[in-house]
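fold the following, please.
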Amino acid sequence: MKPPMRHLYLHVPFCPTICPYCDFHVVRRGPGLVERYLERLAAEAANLYADHPGPLATLYLGGGTPSYLRDHELARLFDSLPWTFEAGAEITLEANPGTLSPARLELVRSLGVNRISIGAQSFQDRVLDRLGRAHKAAAALRTVEHSLATGFRVSLDLILGLPGQDVKADLETAAALGVGHVSAYTLQIEPGTPFALAGMTPDPDREAAAFAAARTALGRAGLTRYEVSNFARPGEESRHNLAYWRMAEWGGLGPAASAHFYTPAGAGVAERRTNPPLPRWAVGESPARETIDPLEHAKESLMMGLRVREGVDLDALSARSGLPGLREVLERAARELVPTELLVAGGPRLQPTAEGLDRLHAAVLSLWEALESAYSEEDS
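Just a heads-up that it's a prediction; the model follows:
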């Protein structure tokens with residue numbers, strides 16, 4: 001019997017402002033737009049539930065700014081979800097500072113949310129202004145304090161390595177707040193965004209120094225780097241994101257949401273489904289479907305799994321992909337990488353070193369080359 005879908009991502013595309021670096025599928029509110037979104041979401045949820053009734057281990061409401069929805073809209077959204085939840089399920093709501101008052105947090109908690117991911121980005125007003133953020137540092141601090149006081153697990157998003165940023169100050173502020181999780185990223189300049197059109201470019205040296213500072217400051221506060229850009233106290237890791245990195249199955253609801261399901265034997269290894277943007281999604285257009293073949297699945301599993309300190313279970317990957325001799329191919333390639341100190345070779349798992357997390361691309365590229373050499377000609 002096929003195991004149940006245990007993870008669900010729900011995309012809420014609405015934002016009060018659109019930041020100049022944002023490349024996500026986001027829109028502003030418009031007359032009747034949220035109403036149409038909620039109607040379509042309920043229909044989509046019912047259809048997905050019919051095929052994948054759960055129960056769920058994780059639910060992640062991302063965006064956009066899910067906390068930008070009004071009280072009755074949030075309540076209606078949760079009412080439209082037919083799934084039950086496993087004991088101890090993780091239910092995360094992304095939020096921007098200033099959208100969660102103490103009363104609002106109580107409402108959100110009553111709806112079942114137990115984890116808040118707060119897009120603080122920085123605790124310096126001049127940096128927030130450059131990023132085009134709608135909030136000030138004081139609002140971010142209040143949102144974190146109120147969320148913790150209400151009993152939520154709290155994760156903070158920070159952007160590091162920005163021009164004029166006091167990285168150490170931002171990291172020390174985050175560490176002192178007592179949150180259980182910090183996602184620390186560098187600013188990605190995506191094509192077509194206002195920042196890209198203005199000619200902004202990243203500074204690799206400044207970003208490398210910022211990550212080194214993050215490892216020190218957050219590690220000193222008890223937050224361990226368990227993934228390339230994520231730090232957590234023991235037990236506070238994002239269970240939903242771990243499902244992605246472990247290549248589990250997950251469903252997707254909402255415009256531009258993606259899903260990942262394993263397929264029966266003989267139909268490829270997995271299928272990726274990607275919903276269309278809001279206008280086409282709202283009128284019922286079906287998701288695009290892409291079959292993932294064994295070689296592509298193995299490559300994706302390495303790219304995702306080596307982002308995490310726990311690494312990749314080689315036996316599980318071999319069983320999923322069905323590629324003959326896969327473990328031996330990867331073990332041989334990993335041994336060749338040992339002198340570079342990027343990977344730990346030997347044992348049932350392929351794991352990155354601390355250096356390997358910093359140079360993930362180099363390690364993954366080398367393993368991909370080994371896979372393509374062993375299997376591409378055979379598959380073609």
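
where does pLDDT dip in the protein?
Within the chain, the stretches with pLDDT under 70 are 1-3, 19-23, 189-190, 192-199, 265-267, 377-380.

could you list the buried residues of the longest strand belonging to it?
In the chain, ranked by residue count with DSSP state E as the criterion, the top strand is strand 85-95. Neighbour-count burial for strand 85-95, counted by 16 or more other C-beta atoms under 10 Å, picks out 85, 89-95. Every C-beta, even on glycine, is put in place using the N, C-alpha and C of the backbone.

how much space between the residue nearest the centre of the chain and residue 321?
Centre of the chain computed as the mean C-alpha position; nearest residue by C-alpha atoms, centre = their mean is residue 241, 5.2 Å away. Distance of residue 241 to residue 321, computed by C-beta to C-beta, to the nearest Å: 22 Å.

find the nearest non-adjacent residue to residue 292, please.
Counting by C-beta to C-beta, 6 or more residues apart in numbering, residue 292 lies nearest to residue 270, which is 4.2 Å off, once chain neighbours are set aside.

where do the strands of the stretch 51-200 of the chain begin and end?
All strands of the stretch 51-200 of the chain, identified by DSSP state E, counting those that start in this stretch, fall at 56-63, 85-95, 115-121, 153-160, 181-186.

of all those strands, which one is nearest residue 263?
Nearest to residue 263 among the strands of the stretch 51-200 of the chain is strand 56-63; the distance by C-beta to C-beta comes to 21.0 Å.

can you map out the helices along the stretch 51-200 of the chain?
Assigned helices in the stretch 51-200 of the chain, in chain order: 71-79, 102-110, 125-131, 137-149, 167-176, 194-197 (criterion: DSSP state H, counting those that start in this stretch).

re the thing from before, how about the strands of the stretch 51-200 of the chain in JSON lines, adding distance to residue 212?
Listed next are those as JSON lines, based on distance: least, C-beta to C-beta, whole Å:
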{"stretch": "strand 56-63", "distance to residue 212": "29"}
{"stretch": "strand 85-95", "distance to residue 212": "28"}
{"stretch": "strand 115-121", "distance to residue 212": "20"}
{"stretch": "strand 153-160", "distance to residue 212": "10"}
{"stretch": "strand 181-186", "distance to residue 212": "11"}
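
closest to residue 136 out of those?
The closest of those to residue 136 is strand 115-121. By C-beta to C-beta, the value is 10.8 Å.

what lines up beside that closest one in the sheet?
Looking at strand 115-121 with DSSP bridges, its paired strands and their directions are strand 85-95 (parallel), strand 153-160 (parallel).

looks like residue 243 contacts residue 5 (just checking).
No: contact status for residue 243 versus residue 5: not in contact, 10.4 Å apart, counting by C-beta atoms under 8 Å.

mind listing the shared neighbours of the two?
When contacts are counted by C-beta atoms under 8 Å, 6 or more residues apart in numbering, residue 243 and residue 5 are jointly contacted by residue 250.

that older thread, for the strands of the stretch 51-200 of the chain, which one sits closest to residue 348?
Relative to residue 348, the nearest member of those by C-beta to C-beta is strand 56-63, separated by 23.6 Å.

re the thing from before, mean neighbour count and distance to residue 305 for the helices of the stretch 51-200 of the chain - can I get that in a markdown table?
Formatted as a markdown table, the entries for those read as follows, by neighbours: other C-beta atoms under 10 Å; distance: least, C-beta to C-beta, whole Å:
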| stretch | mean neighbour count | distance to residue 305 |
| --- | --- | --- |
| helix 71-79 | 16 | 32 |
| helix 102-110 | 16 | 32 |
| helix 125-131 | 16 | 31 |
| helix 137-149 | 19 | 31 |
| helix 167-176 | 20 | 27 |
| helix 194-197 | 15 | 30 |
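
could those helices go into TSV alongside distance to residue 212?
What follows is those, written out as TSV (distance: least, C-beta to C-beta, whole Å):
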stretch	distance to residue 212
helix 71-79	39
helix 102-110	35
helix 125-131	19
helix 137-149	24
helix 167-176	10
helix 194-197	24
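
of all the ones you listed, which lies closest to residue 252?
For residue 252, the closest of the helices of the stretch 51-200 of the chain is helix 71-79, at 15.0 Å, according to C-beta to C-beta.

output that closest one as PDB, nothing but the C-alphas.
Coordinates of the C-alpha atoms in helix 71-79 are reproduced here as PDB (Å, rounded to 0.1, in the frame of the first residue of the first chain):
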ATOM      1  CA  ASP A  71      -8.600  37.400  10.300                       C
ATOM      2  CA  HIS A  72     -11.700  36.000   8.600                       C
ATOM      3  CA  GLU A  73      -9.700  35.100   5.500                       C
ATOM      4  CA  LEU A  74      -7.200  33.100   7.500                       C
ATOM      5  CA  ALA A  75     -10.000  31.300   9.300                       C
ATOM      6  CA  ARG A  76     -11.700  30.500   6.000                       C
ATOM      7  CA  LEU A  77      -8.400  29.200   4.600                       C
ATOM      8  CA  PHE A  78      -7.900  26.800   7.400                       C
ATOM      9  CA  ASP A  79     -11.600  25.700   7.300                       C
END
